[in-house]
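In: sequence below, structure please.
(2 chains)
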Protein chains: 2
Amino acid sequence: MTANSFRRQGILFVISAPSGTGKSTLCGNLRATPDFIYSVSCTTRPPRPGETNNVDYHFLTVEEFQQKIKAGEMLEHAKVHLNYYGTLLAPVKKALEEGTDVLLDIDVQGAESIRGCKDPLIRSSLVDVFIMPPTLEELERRLRKRGTESEEQIQMRLARGKEEMQNWRLYRYTILSGSMEEDLIKFRAIMRAERYLSSRLTLV
Amino acid sequence: MTANSFRRQGILFVISAPSGTGKSTLCGNLRATPDFIYSVSCTTRPPRPGETNNVDYHFLTVEEFQQKIKAGEMLEHAKVHLNYYGTLLAPVKKALEEGTDVLLDIDVQGAESIRGCKDPLIRSSLVDVFIMPPTLEELERRLRKRGTESEEQIQMRLARGKEEMQNWRLYRYTILSGSMEEDLIKFRAIMRAERYLSSRLTLV
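Out: Reported below is the predicted structural model:
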């Protein structure tokens, strides 16, 4: 019996989208599946109602965050809307080495710094996906619907979203956002397809 | 209203698999969907029971086939099991230019000659997928189950299948064949994902 069977390396899926595109809900749906490890980001922003420490984010003080940057423990980090956001390197590399896929939910700056990462394992496993809002008006509507932010915060996020949308071409894939179900189906297609890339496979 | 909308070029999906892997059934299922134009191949082999001219194949005489090669009308052609197989260039290019995807069901030799094609439209739109049988034994079982060929023909196809399986790495994607439903789900994931590649998209 000569059974064909493939082994493959882990894939680092990076997903970016302007605030309000529904990225958090999308990632929440994705993490409910056993398809990959969802990397929990670190942030210095205060938790929103309903958010849990070490589940939604690792909530850190500014001092703690800066200490981790100094110690070289961050895969990427960025300062957005006056707060730090970042990803710890160690758990991501460990998962990829074990052949497990990782999902990172990060902004345009963070994705750019991962694309510039020199680590060969990170470089070869990166698959970045941009979720494009259907219109600016729809982005604004979704931001207001959330109802958790001040008018000033909404305007800041909108301006930033407009800027981020200019960067879609830097990502390997771009999904035009529709309903949550549509976005999920599209992202899962990318996830599956990347696993069948011959360049990732070894016949064992 | 600033609606984001993308235009994209057509994709040339090429699917190869050893005889008996279930490629014809898979392609039959795929062509029942409106996702792409299924390119009907030309062949000089006689029709099998149930096959219809200009639907399953364009059945040509050896003289007709050789005339089309001479006239430069073939995108690719190959001689397999004493018969010619090939694909007409004109309908494929027309579809791709119109932004329509094309599905080509061709063997390893044919795929290799498309990869070597100098036409820039063909080159930039090619996505090739290899369907890998789970085991050689299963391939033989599936070939015998078909019950349309002599023992000599089965042995010829098996030897050829074994040889073709060496070529999976040349294809962009490799799918390990499971049930027909599984293969279909996997192929459709590739089909969708390739449509979200940023490099194929133009914001309009």
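
In: which residues of chain A fall in helices?
Out: A:23-31, A:62-70, A:89-97, A:108-115, A:120-125, A:136-146, A:151-164, A:180-195 (DSSP state H).

In: hmm, who's touching the first one?
Out: Translated: helix A:23-31. A:15-17, A:36, A:38, A:103, A:105, A:131, A:180, A:183-184, A:187-188 (CB atoms under 8 Å, 6 or more residues apart in numbering or on different chains). Heads up, the C-betas are built off the backbone N, CA and C, glycines and all.

In: redo the helices of chain A as CSV? Include distance to residue B:96 and mean pLDDT.
Out: Rendered in CSV, the data for the helices of chain A read as follows (distance: least, CB to CB, whole Å; pLDDT from 0 to 100):
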stretch, distance to residue B:96, mean pLDDT
helix A:23-31, 32, 84
helix A:62-70, 48, 96
helix A:89-97, 36, 92
helix A:108-115, 30, 90
helix A:120-125, 31, 93
helix A:136-146, 32, 85
helix A:151-164, 32, 89
helix A:180-195, 20, 94
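
In: interface residues of chain A facing chain B?
Out: A:1-6, A:129-130, A:132-137, A:165, A:168-176, A:185-186, A:188-190, A:192-194, A:196-198, A:201, A:203 (CB under 8 Å from any CB of the partner chain).

In: could you rerun that using 6 Å?
Out: Among all residues of chain A, those adjacent to chain B (criterion: CB under 6 Å from any CB of the partner chain) are A:2-4, A:132, A:135-136, A:169, A:171, A:173-175, A:189-190, A:192-193, A:196, A:198, A:201.

In: out of the residues you listed, which are buried?
Out: A residue is treated as buried here by neighbour count (16 or more other CB atoms under 10 Å in any protein chain shown); on that basis the buried members of the residues of chain A next to chain B are A:4, A:132, A:136, A:171, A:173-175, A:189-190, A:192-193, A:196, A:198, A:201.

In: what's the farthest-apart pair in these?
Out: Between all members of these, the longest pairwise span (CB to CB) is found for A:4 and A:136 and amounts to 49.0 Å.

In: not counting sequence-adjacent ones, nearest residue to residue A:162?
Out: By the measure of CB to CB, 6 or more residues apart in numbering or on different chains, the closest residue to residue A:162 outside its immediate chain neighbours is residue A:136, 6.4 Å from it.

In: same deal with residue A:133?
Out: Here the nearest residue to residue A:133 in space, its sequence neighbours aside, is residue A:139; by CB to CB, 6+ apart that works out to 4.1 Å.

In: the one you found contacts residue A:17, doesn't it?
Out: No - because the distance of 9.5 Å does not satisfy CB atoms under 6 Å, residue A:139 is recorded as not touching residue A:17.

In: so how far is residue A:110 from residue A:42?
Out: When distances are taken as CB to CB, to the nearest Å, residue A:42 and residue A:110 turn out to be 11 Å apart.

In: of those two, who's got more company?
Out: For the pair residue A:42 and residue A:110, the greater number of neighbours falls to residue A:110 (23 against 20), based on other CB atoms under 10 Å in any protein chain shown.

In: in this structure that one contacts residue A:78, no?
Out: Yes - in this structure residue A:110 lies within contact range of residue A:78 using CB under 6 Å: 5.0 Å.

In: who's the spatially most central residue of chain A bridged to?
Out: Centroid-nearest residue in chain A, with CA atoms, centre = their mean: residue A:105, separated by 1.8 Å. Beta-bridge partners of residue A:105, counted by DSSP bridges, are residue A:15.

In: do you know the pLDDT at it?
Out: Reading off the per-residue confidence, residue A:105 sits at a pLDDT of 86.

In: ok, it touching residue A:17?
Out: No - distance between residue A:105 and residue A:17: 8.7 Å, which falls outside the contact criterion (CB under 6 Å).

In: one step back: distance-wise, check the residue nearest to the centre of chain A relative to chain B.
Out: Residue A:105 sits 18 Å away from chain B when distances are taken as CB to the nearest CB, to the nearest Å.
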